[in-house]
Each structure stands twice: as structure tokens, then as C-alpha cells.
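[1] Just the structure for this:
(2 chains)
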Amino acid sequence: MRLPLLALLARGPAHGYELKQDLEQLLGAAYPQPNIGQIYVTLGRLEKSGLIEGEEVEQSSRPNKKIYRLTAAGQEALSAWYEETSDEPRVRDEFFMKLALAPQTGLADQIVLINRQRRHYLNTMRNLSKLATADHRDNRIAQLLIEGAMLHLQADLDWLERCQEELEKPE
Amino acid sequence: MSDAHTAVLRAEGLVKTHRGEGAPAHAVRGVDLCVRRGEFVAVTGPSGAGKSTLLHLLGGLQRPDSGSIWLDGERTDAYSEARWAVERRRRIGIVFQFFNLVSNLSVADNVELPALLAGVPAKRARAERAELLAELGLAGKERSMPGELSGGEQQRVALARALVNRPPLLLADEPAGSLDSKGTREVMRLLSRFHQRGQTILLVTHDARLASAADRVISFFDGRIADDVELDGAPSPGAGVPAVLELRD
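    Residues are numbered from 1 along each chain as shown, chains lettered A, B, ... in the order given. Next up is the predicted model:
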């Protein structure tokens, strides 16, 4: 959450609630939004590490609100973020370990495991495709996020298929 | 009501072996299947698993070595080629990966042809064609030739052609197989829409995204049904959609 908040502040100073709204508008309702508490905690930490600075603004009849702005150090951290490439998504190692170790435990059949995992993925895929056709059709960024999730899941399903092809063959 | 009464399509003990040069290929090795009215069923599996052969058997495009197929409860074992051709106009619409439109006929003629062949009066065939093309976002393309259209548009014409006689069953063989990601989404959306209006669909695809539009998914491996699952779309145990979408730092 730290760097996305810095990125949102690159446009100009804002308070916590504004940042939450900006994020919602950009990513759509499909994206699980961080709650406001998480945002305030993260802003506090960013301030402590000198990447942003806050200024209390008095409000009549309400508690003060704090407007945050990027510091030079924050600007630099953000630039560095954009300079580096992101890590590859990780292969789901938990299911892989289950599958690999199943024969020696005698507790589960590998093909049964694959079928069950496929059902799970297919249901999630169905929910994603519903999301994609539902109310986010006009939000391009949200669409791309959902499409990315579907393509990743498809790769996982293709991989399950390979496991099944391979493991059904006699050794 | 039992399955046998509501089944649009039923198959029992289907076997098909391709015998060409080299070793015989066991494409379909004993398949029982029942598709109820209004169902949207996807058959998925790796290429070479025999799923296209299965669809060809179900549509009468190939004959099984053994086993039986019922359409609307009627046994088809004794159907001649000519009878199957009639059924493919009346009771079964088919779309293929490569559209298979008649290249020297206009879009309008491609869609109207199966209606005219089925004995529908020309005026009604035109009306049905106009309605379907409008529905599929192809109004204004009536006079185009298939070669002038994009792949996605050609597949929509093929869909209109398959549905012009309002067949109880639609068979779709890799309908997005030659389309890009956007075309795939479009096909998905259209199949879902026709399904919501009651169209029974059997879809064969290796694309899990496309398959997830169905409400039942059959996993096909090595000529056999390995799994058959209703997708209820209910939140699955575990993290589910939110976790899949969560961006990580």
C-alpha cells in the first residue's frame, strides 16, 4: 500500500479519505479496497520515514484533518519504484507441494486433488467473468485488472491440465 | 421429470477410433452424456483429448464406432447422412473455429440460406436474418462479403447462421479459437446472452475463460470424461476473487 499512496500524492496534497476515494474510482468496486484505517496507518508510517509530511488543517465542528504532501525523499522513492521492474507472479507452491507429496502420504489421490483444485479455480473464474461483464465495463483499468486475473487463472488451469495428462500416464 | 425426458441431447457408450496411417487413435473411449434443456455445458481439455471428435459425433458430422445418441429423446442410430443434414438445419446449430462461411455469398445470404433450405418462406427468412444481425451488432453489414469482415465479425455471422432456424441445441467447437482476447470476450458475452434466453448450448473449448461462461464444465482427457461439475458461482471456500485481484506491494 505504501507506494500506491505515494503515487496518488504525486498529483498534489490530499487527506486520507480523498486518497481512498481516488483509489476506488481508479480501480473500480471489483478491487478489494483497503479500509480507511489501513490507509491512515500507512500514511503515519510514511510520515515517520520522511517520505511525506502532514499538516493539520482546522475544520469547524469537526476534528482536524491532516493534509499530506510528498517530500523530496518521497519523490525519489516513487521514481525509484517506477525505475525497477516488478517481480514475477509466484507459482502457487502450496498446491504443488500437496500434489508432489500426495503419493507418499497415502492420504490423497493426485487426480482427485487436481479435479478438486480445478473446480475451485473454475468457480473463481466464473465469478471473475461475471465481474467483467457486470458494472465495470466502462472502467478500463478495472477491466484490465480483472482480465489479468483471468489470464493468470487460465494459466493455472492449463498447468493443472498438464499435471493431469502427465500423472495419468503410467510411469 | 427424469433426465431422459428433459434431455435435449443424450449419449451412451460413445466410442470413436480414428484409423489412419500408424497406430489407431482412440479419440472417444466410452462417453455417457446428458444435456438438459436450457443448460450451458462446456467441454474442456487439452488439444488431442478428443473433445472435437465428441462434438462431431453429437452433431452427426462423424459416426461413432459404437454407442447411441438421442436428440429430444429420439434415437438417431438409423439416421442417414441426409437425415442428419436436415437435423443440423432444424434441431442443431453449429459454429466452428474457422467460421466456415460461404465465401462467395453475402452476409445476409449466408444467414438466410439455412432458413430457405429448411423451407422457411423468403420473407420470414429475411425478417429472422435482420433481427439476428441487429442483435449481434452487424446491422449494415448485410451486403458485405465474409472476406471483408474481421474474424470476430465473421464468427458473429456464423452464430446468426447457426441460430436462424431457432434450433433447440447449439453446438460450438472452439468458437473463439481463432479470435484475439477481445473477440473471445465478445463470443463469451453473446453465448451467455443467448443462454440466458433459454438457448441450450454445448461448447467445446480449451479456453478456461470461455468455459467459465457455462454453468457446467466437463473435463475431457484422453477420450474420457474426467470430471463433470456444476459451476454455481458461489463463493468458493478459500480466498476466492478478492485475493486473486489483490495487488501486492
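
[2] per-residue pLDDT, the residue lying closest to B:S47 once chain neighbours are set aside?
    Spatially, and ignoring its direct neighbours in sequence, B:S47 is nearest to B:H206 (5.9 Å; Cβ to Cβ, 6 or more residues apart in numbering or on different chains). The way it works is simple: take the backbone N, C-alpha and C, and place the C-beta from them, glycine included. pLDDT, B:H206: 90.

[3] residues contacting B:H206?
    Counting by Cβ atoms under 8 Å, 6 or more residues apart in numbering or on different chains, B:H206 touches B:44-47, B:51, B:174, B:177.

[4] Can you tell me how far it is from A:Q25?
    Remark: distance between B:H206 and A:Q25 (Cβ to Cβ, to the nearest Å) = 37 Å.

[5] for the helix ranked longest in chain A, packing partners?
    Counting residues, the longest helix found in chain A (DSSP state H) is helix A:140-168. With contacts defined as 3 or more Cβ pairs under 8 Å, 6 or more residues apart in numbering or on different chains; DSSP states H and E, the packing partners of helix A:140-168 are helix A:16-27, helix A:110-133, helix B:208-211, strand B:216-221, helix B:240-245.

[6] Tell me the predicted confidence for B:R83.
    94.

[7] Enumerate the positions of the helix or strand harbouring it that are buried.
    In this assignment (DSSP states H and E), B:R83 forms part of helix B:81-90. Neighbour counts over helix B:81-90 (16 or more other Cβ atoms under 10 Å in any protein chain shown) mark B:84, B:87-90 as buried.

[8] And for stretch B:100-107?
    Quick answer for stretch B:100-107 (16+ other Cβ under 10 Å): B:101, B:106-107.

[9] Could you single out the most deeply buried of the helices and strands packed on helix A:140-168?
    Mean neighbour count (mean count of other Cβ atoms under 10 Å in any protein chain shown) peaks for helix B:208-211 among the helices and strands packed on helix A:140-168, with a mean of 26.

[10] Check chain B for its longest helix and report it.
    Chain B, longest helix under DSSP H: helix B:181-196.

[11] now for that helix, which elements pack on it?
    When contacts are defined as 3+ Cβ pairs under 8 Å, 6+ apart, helix B:181-196 sits against helix A:110-133, strand B:40-44, helix B:151-163, strand B:200-205, helix B:208-211.

[12] Give me the buried positions along it.
    Quick answer for helix B:181-196 (16+ other Cβ under 10 Å): B:183-188, B:190-192, B:194-195.

[13] So for A:I141, what's the pLDDT?
    86.

[14] what's the spacing between it and chain B?
    11 Å (Cβ to the nearest Cβ, to the nearest Å).

[15] can you state the direction angle for the longest helix of chain A and helix A:110-133?
    160 degrees (axes from the mean of the first three to the mean of the last three Cα atoms, to 10 degrees).

[16] which parts of helix A:140-168 are buried?
    Buried, per 16+ other Cβ under 10 Å, within helix A:140-168: A:142-143, A:145-147, A:149-150, A:153-154, A:156-157, A:160-161, A:163-164, A:167.

[17] Would you mind giving the domain segments of chain A?
    What automatic domain parsing lists as the domains of chain A is A:2-83, A:93-168.

[18] Tell me how far the shortest one lies from the chain's centre.
    Per Cα atoms, centre = their mean, to the nearest Å, the displacement of domain A:93-168 from the mean C-alpha position of its chain is 17 Å.

[19] One more: stretch B:186-199?
    The mean C-alpha position of stretch B:186-199 is separated from the chain mean by 11 Å, Cα atoms, centre = their mean.

[20] got the CA coordinates for it in CSV?
    What follows is stretch B:186-199, C-alpha atoms only, in CSV (Å, rounded to 0.1, in the frame of the first residue of the first chain):
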residue,chain,number,x,y,z
GLU,B,186,-17.4,-10.8,-27.3
VAL,B,187,-18.2,-14.5,-28.1
MET,B,188,-18.4,-15.2,-24.3
ARG,B,189,-20.8,-12.3,-23.9
LEU,B,190,-23.0,-13.4,-26.8
LEU,B,191,-23.2,-17.1,-25.8
SER,B,192,-24.1,-16.0,-22.3
ARG,B,193,-26.8,-13.8,-23.6
PHE,B,194,-28.4,-16.5,-25.8
HIS,B,195,-28.2,-18.9,-22.9
GLN,B,196,-30.0,-16.5,-20.6
ARG,B,197,-32.8,-16.5,-23.1
GLY,B,198,-33.1,-20.3,-22.8
GLN,B,199,-30.8,-21.5,-25.6
